[in-house]
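Visitor: next comes the sequence, and after it the predicted model I'd like to discuss.
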Amino acid sequence: MVSDQCQALERDNVFGNSDDNKMMVVRKPEENEMIPAIIKEGKTVMEFDPEFFIVSLSNGQPKEAQDYTILKHYDFLAQNRQMKPNKNDMKNYIKAHKNDKSTHKFACFQFLLYLSKTLDIDTVCAIASKIADNEPLEDYLVELVEGYA
């Protein structure tokens, strides 16, 4: 990922054309114009490696691997396609995930959208809140959803 600082310098037309496509160049300022200096190893440079602006996404990541995804499944038919999901698709989805724990079983965005058309929106929001908080769903909610299939 390119740093915000690099994007701002490009926006402000600080960079010029380089003869070497593996290097970046600071353009020469026009009369009465100031251009920010690029400082590398304590010295102002006019030509530098583009990796100077690359941000490593691995820096700052926790060492212990944790699952930060809320939605666990992506296998329910999408709502905005020609073939819209139906009760049979709901039944197949529930059957496919019957052994999952309740926080994972219904953690599918498209499935929750379909549920909102089947159940009332408050019930679906309660299910979504439980999923987001990684709290187990009450048995009556699980039975209610599975009963519609």
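Guide: Happy to help now that I have it. Numbering: from 1, shown residues only.
Visitor: list the helices and strands the longest helix along the chain packs on?
Guide: Criterion DSSP state H: the longest helix present in the chain is helix 121-132. Helix 121-132 sits against helix 102-105, helix 109-118, helix 139-148, with contacts defined as 3 or more C-beta pairs under 8 Å, 6 or more residues apart in numbering; DSSP states H and E. The way it works is simple: take the backbone N, C-alpha and C, and place the C-beta from them, glycine included.
Visitor: now the ones you listed in a markdown table, with mean pLDDT and mean neighbour count?
Guide: Listed next are the helices and strands packed on helix 121-132 as a markdown table, based on pLDDT from 0 to 100; neighbours: other C-beta atoms under 10 Å:
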| stretch | mean pLDDT | mean neighbour count |
| --- | --- | --- |
| helix 102-105 | 89 | 19 |
| helix 109-118 | 92 | 18 |
| helix 139-148 | 89 | 14 |
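Visitor: right, and those helices - which one's nearest residue 44?
Guide: helix 109-118 (50.3 Å; C-beta to C-beta).
Visitor: can you add distance to residue 67 and give the helices and strands packed on helix 121-132 back as a markdown table?
Guide: Below are the helices and strands packed on helix 121-132 laid out as a markdown table (distance: least, C-beta to C-beta, whole Å):
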| stretch | distance to residue 67 |
| --- | --- |
| helix 102-105 | 10 |
| helix 109-118 | 17 |
| helix 139-148 | 21 |
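Visitor: residue 41: which of those is closest?
Guide: Ranking these by proximity to residue 41 (C-beta to C-beta) places helix 109-118 first, at 48.0 Å.
Visitor: what's the closest one packed up against?
Guide: For helix 109-118, the elements it packs on are helix 87-96, helix 121-132, judged by 3+ C-beta pairs under 8 Å, 6+ apart.
Visitor: nearest residue to the middle of this protein?
Guide: residue 69 (9.3 Å; C-alpha atoms, centre = their mean).
Visitor: and it, that one's in a strand?
Guide: No. Counting by DSSP: H, G, I helix; E, B strand; the rest coil, residue 69 falls outside a strand, being coil.
Visitor: all set now, cheers.
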